[in-house]
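**Q** Kindly generate the corresponding structure for this input.
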Amino acid sequence: MLLGWGFPSNGGRCGRAARVGLKLLFVVTTGARVAAGQSELPAAPVAEGLFQQAKASLAAGQVAEACAKFQESQHLDPALGTLLNLALCHERQGKLASAWSELTDAAAMAERSGQLDRLRFARGALAKLEGKVPQMLIRVAKRAPDLELRIDGQSIGQAAWGSPIPLDPGIHRLDATAPHKQPWARSFEIVAGASPVTLEVPALVAAPEPAGSTPPSPDTNASPKTLSEAPLLSSAPPAAIHDPRRTWGYAAGALGIVGVAAGTYFGFTTIAKQNIVEENCNAASCRNQTGMDADRAAHRAATVADVSFGIGLAAVIASAYLLLTADDAPAPIPIRHIEASTSFPAPEAGPRAARVEVSFVF
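**A** Down below sits the predicted model:
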């Protein structure tokens, strides 16, 4: 039972989380050495603290503060009970669209996990919101595959165009964008209990061509360069040709660090969940929903820790091999030919004149 609002907690048997053995201890200690002081606080204890603070804030009538703490707790450590509390808090706050969305997700989670009491509660709460959730409609004058619509920065798929979209009361903004088109935007207000708001998105106007986008025409009257005007070879040293194995080695090293760090994080999470299980469960069953949720979360975190550390270790080994076998070689010096010609007049001798033309090739 959470917050005393009447939705049930599932009892029954639950298996204790598998104890963390030498393998997980190896993941945690090795990951800690690699991360060198960069480990983060486990999310589960922080989420539990926020959950308890949210209940106290709600009891004191601080609804907005309570909803914010429920939401952060759910973000750090998702749980069905927290999600139901968040939905009911948003309902008290007047954010019926958020409450409807969260109750829909909670009903799906309860159905997947077989928690029939919570499933019935979520569906009953959804039935009470039926017809009360504010909505808006989007009508598009000209549909296009590359047209994108966003409400308050969140993308709205084309399947939702023309269908009722639940929104919380307040000021919202609709944006329409498309490549090579001028963007369009409109602000609108949703009022609780009012009729659905309908917005018409017009056909977007083509964006003007940027100034100076026309390429200059070639100058056909330009004279060829003489020897003195010809470009000289650059004196800068040639760049080295890098072995692609070095790039792949750095990428594999980065992946290895991420894998080991993730394994370390989920290792600590498993230990934290195990502590919660030991506080709320015995050898045969769990006394409350908190123990059951922690038991499932501990199994998931231990599996992710093993997989993450395995991938990280393999990536580190691959990175070391690639970096040790990479062979960088200097680029060959480019050879450029500059052709130029010039003429030198020969001295005139007698009645016949002669002309010598010399060509140079570099």
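**Q** going forward, measure contacts and count neighbours with C-alpha atoms only.
**A** OK.
**Q** where does the stretch 101-250 of the chain dip in pLDDT?
**A** Scanning the stretch 101-250 of the chain for pLDDT under 70 picks out 212-242.
**Q** which residues in it form helices?
**A** 116-129, 244-280 (DSSP state H, counting those that start in this stretch).
**Q** other SSEs contacting the shortest one?
**A** Using 3 or more Cα pairs under 8 Å, 6 or more residues apart in numbering; DSSP states H and E, the elements in contact with helix 116-129 are helix 96-113.
**Q** so how far is Leu167 from Asp105?
**A** In this view, Asp105 and Leu167 are 16 Å apart by Cα to Cα, to the nearest Å.
**Q** now do Lys95
**A** Taking Cα to Cα, one finds Lys95 at 8 Å from Leu167.
**Q** Looking at the two, which is more packed in?
**A** Set side by side, Lys95 and Leu167 show more neighbours around Leu167, with 23 against 20, by other Cα atoms under 10 Å.
**Q** dump the residue contacts of that one.
**A** Leu96, Ala97, Ser98, Val133, Pro134, Gln135, Met136, Ile190 (Cα atoms under 8 Å, 6 or more residues apart in numbering).
**Q** tell me which element Asn85 falls in.
**A** Asn85 belongs to helix 80-93 when elements are defined using DSSP states H and E.
**Q** Okay, angle between that helix and helix 116-129 too, please.
**A** Interaxial angle, helix 80-93 versus helix 116-129 (axes from the mean of the first three to the mean of the last three Cα atoms, to 10 degrees): 20 degrees.
**Q** now helix 80-93: mean pLDDT?
**A** The average pLDDT for helix 80-93 rounds to 93.
**Q** now for it, which elements pack on it?
**A** So helix 80-93, by 3+ Cα pairs under 8 Å, 6+ apart, packs with helix 63-76, helix 96-113.
**Q** Now do the buried residues in that helix.
**A** Neighbour counts over helix 80-93 (16 or more other Cα atoms under 10 Å) mark Leu80, Gly81, Thr82, Leu83, Leu84, Asn85, Leu86, Ala87, Leu88, Cys89, His90, Glu91 as buried.
**Q** do stretch 176-185 as well
**A** For stretch 176-185, a neighbour-count test (16+ other Cα under 10 Å) marks Ala176, Thr177, Ala178, Trp184 as buried.
**Q** partner residues bridging the residue nearest to the last one when sequence neighbours are not counted?
**A** Same thing as Trp184. Among residues not flanking Trp184 along the chain, Ala176 sits closest, at 5.1 Å (Cα to Cα, 6 or more residues apart in numbering). For Ala176, the beta-bridge assignment (DSSP bridges) gives partners Leu149, Trp184.
**Q** Distance across stretch 276-293, terminal residue to terminal residue?
**A** Using Cα to Cα, the two ends of stretch 276-293 sit 9 Å apart.
**Q** One more: stretch 272-292?
**A** Distance between the boundary residues of stretch 272-292 (Cα to Cα) amounts to 14 Å.
**Q** And the average pLDDT for it is what?
**A** When pLDDT is averaged along stretch 272-292, the result is 79.
**Q** Is Pro78 in a helix, a strand, or coil?
**A** coil (DSSP: H, G, I helix; E, B strand; the rest coil).
**Q** Many thanks, I have nothing further to ask.
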